[in-house]
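In: Predicted coordinates and the sequence they were generated for:
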Amino acid sequence: MASKSVRQRIVEALQAALRAIDDSGAYHYPVNDPSQVSVDPTTNVLTSNGADLPLYVIEPTPEGSRTFYPAMQLVSEFEVNVQARMDAEDGDPTGAARLACWENLAHDIEKALAVDVTLGGLVYDVRVQEPRPFVGVGSNIVILVQPVTLRLHRTYGEPS
């Protein structure tokens, strides 16, 4: 059986980093179950069960580039989106609770991914880009789409 591609191992390393969000006080919303961080792009964060929150879904995107160098070397840059869902506290008509929830999700993602910006040596750089919030109108649902750019150097022709 062929080994996993480097991109698959990178996505799995991102998954492990987000699963490490704990209740130590460094994060706002701890991940209590591995199923709360999915790499299945068919997972719908909007219709998820409120008991399973926060919920993170890691989705590779078509964004990226490759720069080729002599001796079969290349630098690959690609992007994934981390979709995150949490429900804001009820009862705040000003919307401040939804804003705080969105900011807290962005904080937790960036903090978790900054622990090791090489993902155990799989990449040489992880960059958390500007987050994009989505708020459910008439509800307390908060969804954040967090683009993450990853850069790696590898030998061309050896994607594993």
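Out: Ah, there it is.
In: Touching whichever strand or helix holds Asp108 from outside, list them.
Out: Using DSSP states H and E, Asp108 sits in helix 96-114. Residues from elsewhere that reach helix 96-114, judged by C-beta atoms under 8 Å, 6 or more residues apart in numbering: 14, 17-18, 20-21, 26-29, 54, 56, 82, 84, 86-92, 126, 128, 131, 133, 135, 140, 142, 144, 146, 148. All C-beta atoms are positioned from the backbone trio N, CA, C, and that covers glycine.
In: State the mean pLDDT of stretch 72-91.
Out: The average pLDDT within stretch 72-91 is 93.
In: Could you list the buried residues of it?
Out: The neighbour-count check on stretch 72-91 (16 or more other C-beta atoms under 10 Å) flags 76-88 as buried.
In: for the lowest-mean-pLDDT helix or strand in the chain, which positions count as buried?
Out: Scoring the helices and strands of the chain by mean pLDDT, DSSP states H and E places strand 132-135 at the bottom, with a mean of 89. Buried residues in strand 132-135, defined by neighbour count with 16+ other C-beta under 10 Å: 133, 135.
In: Need the contact partners of it.
Out: Under C-beta under 8 Å, 6+ apart, the answer for strand 132-135 is 95, 98, 102, 141-147.
In: Can you name the next helix or strand after it?
Out: Next along from strand 132-135, by DSSP H and E: strand 141-155.
In: Please check the contacts of strand 132-135 and keep the buried ones.
Out: Neighbour counting with 16+ other C-beta under 10 Å marks 98, 102, 141-144, 146-147 as buried within the contacts of strand 132-135.
In: Please work out the average pLDDT along stretch 153-160.
Out: 86.
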